[in-house]
Structure formats: C-alpha cells, structure tokens
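What shape does this take:
(one chain, ligands or ions: 1)
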Amino acid sequence: MSNPILQAAGSFTGSCIACLGGTDTAIAFRGEPEWCVAALVVLGLPTSEAVATFDLAHPDAPPVLTVTYRVCRDCARKSGKLPDPGLILNGFEIPCVSQPGVVA
Ligand SMILES: [Zn+2]
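Residues are numbered from 1 along each chain as shown. Below is the predicted model of the structure:
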C-alpha cells in the first residue's frame with residue numbers, strides 16, 4: 001500500500017487519519033456508512049479520499065457500524081464539531097459520535 005492515508009485507516013499504524021502525524025488518540029463513530037464517511041470529511045479529508053479510505057477499511061460494511069478513527073487532538077479541535085479524542089489505551093474511553101436517530 002503506498003497511500004499513507006489508506007494505510008492509517010486500515011491498519012492503525014499510529015498516524016492521525018487527517019494530518020498523518022503520530023498520535024495515540026482516537027474517536028469512534030457509529031452510524032450508517034455515509035455517516036462514517038462524513039466523519040472523515042469533517043476531519044479534513046477530501047470527499048474522494050474519505051470514500052476511498054472507508055471503502056478500503058470496510059469493503060462489506062453493514063447498514064450500521066462503529067468505526068474508530070485514529071485522530072490527533074489538533075485535528076479534532078480544528079473540525080470544531082467533534083469531542084476531544086480519547087487515548088487508545090486500556091482503561092481509557094474513546095468518545096463515540098453517533099448518528100442522530102441510529103439506535104445504539
Ligand atoms: Zn491530526
């Protein structure tokens with residue numbers, strides 16, 4: 001895989017999905033595939049890359065799913081719409097942003 005963004009999304013290599021800087025934090029998103037793609041756009045990815053990233057990581061996505069995107073605090077704050085990401089460590093909770101109307 002040569003695209004570092006796709007790599008970050010698919011394998012959790014430790015890079016923020018938006019700026020590709022190293023980070024140990026993440027935010028989870030729960031909803032329809034379109035919601036999960038929109039989350040990537042909110043984080044700053046161009047729409048085409050957001051779709052490609054999601055499709056690669058979830059080639060057979062169910063109608064509703066939960067995805068966890070590794071993202072740094074700066075990028076989450078830059079979006080202006082997301083909670084601060086949580087540490088990806090045992091004992092820490094990663095915040096989950098659910099699609100309105102989707103039953104948990
Ligand atoms: Zn970042």
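
Just want the most central residue of this protein.
Y69 (2.7 Å; C-alpha atoms, centre = their mean).

Need the phi and psi values for it.
Note on Y69: its backbone torsions stand at phi -110, psi 130 [degrees, to the nearest 10].

What of A57?
Per degrees, to the nearest 10, the backbone of A57 is at phi -80, psi -30.

That one: how many residues sit nearby?
Applying other C-beta atoms under 10 Å, we find 16 residues neighbouring A57. Quick note: C-beta positions are derived from backbone N, CA and C, even for glycine.

and the closest residue to the residue nearest to the centre of the chain other than its chain neighbours, how many residues sit next to it?
Leaving aside its chain neighbours, Y69 sits nearest to I17 (4.9 Å; criterion: C-beta to C-beta, 6 or more residues apart in numbering). Using other C-beta under 10 Å, I17 has 26 neighbouring residues.

try V42
The number of residues packed around V42, counting by other C-beta under 10 Å, is 19.

Next up, the contacts around it.
Each residue near V42 by C-beta atoms under 8 Å, 6 or more residues apart in numbering is listed here: 79, 81-82.
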